[in-house]
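Trainee: Below are the sequence and a predicted model for it; my questions follow.
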Amino acid sequence: MQQSAPAKPASETAPAAPATLSAAPRFRAAHVAVPFLLFTLFAILPAFAQFGAEGYILSLVMRVMIFAIAAMSLDLILGYGAMVSFGHAAFIGIGAYGAGILMRHTVDDFFIQLGAALGASALFALATGALSLRTKGVYFIMITLAFGQMGFFFFVSLAAYGGDDGMTLRTTPQIFGQDWLAHRHFLYYLIFACMLGVYFLLRAIVRSRFGRVLRGAKENPVRMQAIGFSPYRFQLAAYVIAGTICGLAGFLLAHQTEFIAPAFMTWQRSGELIVMVVLGGMGTLHGAIIGAAAFLILEEMLSRITQDWKLIFGPFLVLVALFARGGIMGFLRRWGLK
């Protein structure tokens with residue numbers, strides 16, 4: 001009898017694995033490397049700032065981190081939920097006034113002020129989001145703009161708290177009875193810890209089932225309804241989360257600048273937040289941090305050249321939109337750096 005040929009080893013018979021599988025770990029490593037480098041740079045910067053204009057450098061970087069928090073909150077609803085909010089800066093103002101009004105009435109406990117700022121921001125987001133999310137497209141943009149302007153003119157009318165001129169915070173809040181926020185480095189690392197916490201919180205949210213439903217509602221809301229999910233409820237929850245986090249940014253901004261004003265919540269500020277997200281790259285979170293840093297540093301540099309710095313910055317944004325699709329992160333991705 002003819003003997004059958006011996007079976008070949010599985011390694012010889014199995015088809016070769018596609019190249020994309022072997023590249024996946026490399027992609028994940030690069031995806032982690034960008035935020036790791038960012039956060040490491042923020043963490044060690046105070047050690048190098050002492051060799052230059054320390055106060056100026058720390059103040060600028062603290063401002064970058066605060067607006068990075070606000071930009072990440074907007075990226076949650078814009079980059080992952082396709083909700084273009086033109087009134088998002090209203091939450092910065094609410095968070096700031098939540099601290100300032102209590103301080104004016106001698107409530108100087110840090111945690112009470114923080115709770116008031118976050119609570120007011122969440123309630124405003126819930127009330128306005130419940131109405132705004134019943135519209136779509138340009139109507140959603142206009143109604144969020146209207147709510148933002150309502151908040152702006154409300155705080156302008158509060159003459160007891162400075163009105164249009166704003167008011168100065170004459171004291172710093174107490175943490176467990178200690179005046180720690182008066183120390184610049186403590187405030188710096190507090191803001192850094194908040195930015196780090198917000199990043200990992202939002203990263204966990206977008207990778208969760210909630211985040212998958214949110215992205216699904218962005219791509220095809222009808223299909224999401226067909227499989228049993230209500231896009232409205234998930235979008236409203238994301239809107240409230242984003243508004244609360246942006247209120248945190250306003251609370252930190254008030255204590256970093258020791259000043260609050262309705263100018264914190266103008267529609268122009270909302271437009272700047274959108275620019276930060278788009279400039280860095282929507283739907284990446286760490287792109288929002290890069291976008292905030294790029295915007296504020298360019299603003300600082302160009303404003304030293306001319307008061308009309310936006311005439312230079314505008315064409316730059318046009319070039320980014322034309323040749324760097326996906327913002328800075330999209331540019332890095334095409335060069336294989338992400």
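Mentor: Cool, the structure landed.
Trainee: residues making contact with stretch 290-310?
Mentor: 38, 60, 63-64, 67-68, 70-71, 272, 275-281, 312-313, 316, 327-329 (CB atoms under 8 Å, 6 or more residues apart in numbering). To be clear about C-beta, it is placed using only N, CA and C from the backbone, and glycine gets the same treatment.
Trainee: next one: it to chain centre, how far?
Mentor: 19 Å (CA atoms, centre = their mean, to the nearest Å).
Trainee: If you count neighbours, what's buried in it?
Mentor: 290-296, 298, 302, 309 (16 or more other CB atoms under 10 Å).
Trainee: Next: stretch 150-167.
Mentor: 151-152, 155-156, 161-162, 166-167.
Trainee: Just these: which are in helices?
Mentor: 151-152, 155-156 (DSSP state H).
Trainee: Sort out which one of those residues lies nearest Glu258 for me.
Mentor: Phe155 (17.5 Å; CB to CB).
Trainee: number of nearby residues for the residue nearest to that closest one when sequence neighbours are not counted?
Mentor: Computed as CB to CB, 6 or more residues apart in numbering, the closest residue to Phe155 that is not its neighbour in sequence is Pro262, at 4.4 Å. Around Pro262 there are 23 other residues, counting by other CB atoms under 10 Å.
Trainee: who's in contact with Ala122?
Mentor: Contacts of Ala122 (CB under 8 Å, 6+ apart): 240, 243-244, 247.
Trainee: before we move on, what about Tyr189?
Mentor: Contacts of Tyr189 by CB under 8 Å, 6+ apart are Pro46.
Trainee: Distance check, it against Phe67.
Mentor: 17 Å (CB to CB, to the nearest Å).
Trainee: any idea which helix or strand of this structure has the worst average confidence?
Mentor: helix 10-13 (a mean of 44; mean pLDDT, DSSP states H and E).
Trainee: just to revisit the earlier point, out of the buried residues of stretch 290-310, list just those in helices.
Mentor: Going by DSSP H, the helices hold 290-296, 298, 302 from the buried residues of stretch 290-310.
Trainee: would you list those in a markdown table and tack on distance to Met142 and pLDDT?
Mentor: A markdown table is the format used below for those (distance: CB to CB, whole Å; pLDDT from 0 to 100):
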| residue | distance to Met142 | pLDDT |
| --- | --- | --- |
| Ile290 | 29 | 93 |
| Gly291 | 24 | 93 |
| Ala292 | 25 | 95 |
| Ala293 | 30 | 94 |
| Ala294 | 28 | 92 |
| Phe295 | 24 | 93 |
| Leu296 | 28 | 94 |
| Leu298 | 29 | 91 |
| Leu302 | 31 | 89 |
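Trainee: pretty sure Ala90 is touching Ala127, no?
Mentor: No: look at Ala90 against Ala127 with CB atoms under 8 Å: they stay out of range, at 11.6 Å.
Trainee: higher neighbour count, those two?
Mentor: Set side by side, Ala90 and Ala127 show more neighbours around Ala90, with 34 against 12, by other CB under 10 Å.
Trainee: Next up, the contacts around that one.
Mentor: Contacts of Ala90 by CB under 8 Å, 6+ apart are 124, 147-148, 151-152, 265, 270.
Trainee: how close does it get to Val64?
Mentor: Ala90 is 21 Å from Val64, by CB to CB.
Trainee: Over to Ile289?
Mentor: 8 Å.
Trainee: which regions of the stretch 1-150 of the chain sit below the pLDDT cut-off?
Mentor: Scanning the stretch 1-150 of the chain for pLDDT under 70 picks out 1-31, 52.
Trainee: before we move on, back to that, pull out the buried residues from the contacts of Ala122.
Mentor: For the contacts of Ala122, buried by 16+ other CB under 10 Å: 240, 243-244, 247.
Trainee: Specify the local secondary structure of the residue sitting nearest the centre point of the chain.
Mentor: Nearest to the centroid of the C-alpha atoms of the chain, with distances taken as CA atoms, centre = their mean, sits Met72, at 1.8 Å. Under DSSP: H, G, I helix; E, B strand; the rest coil, Met72 falls in the helix class.
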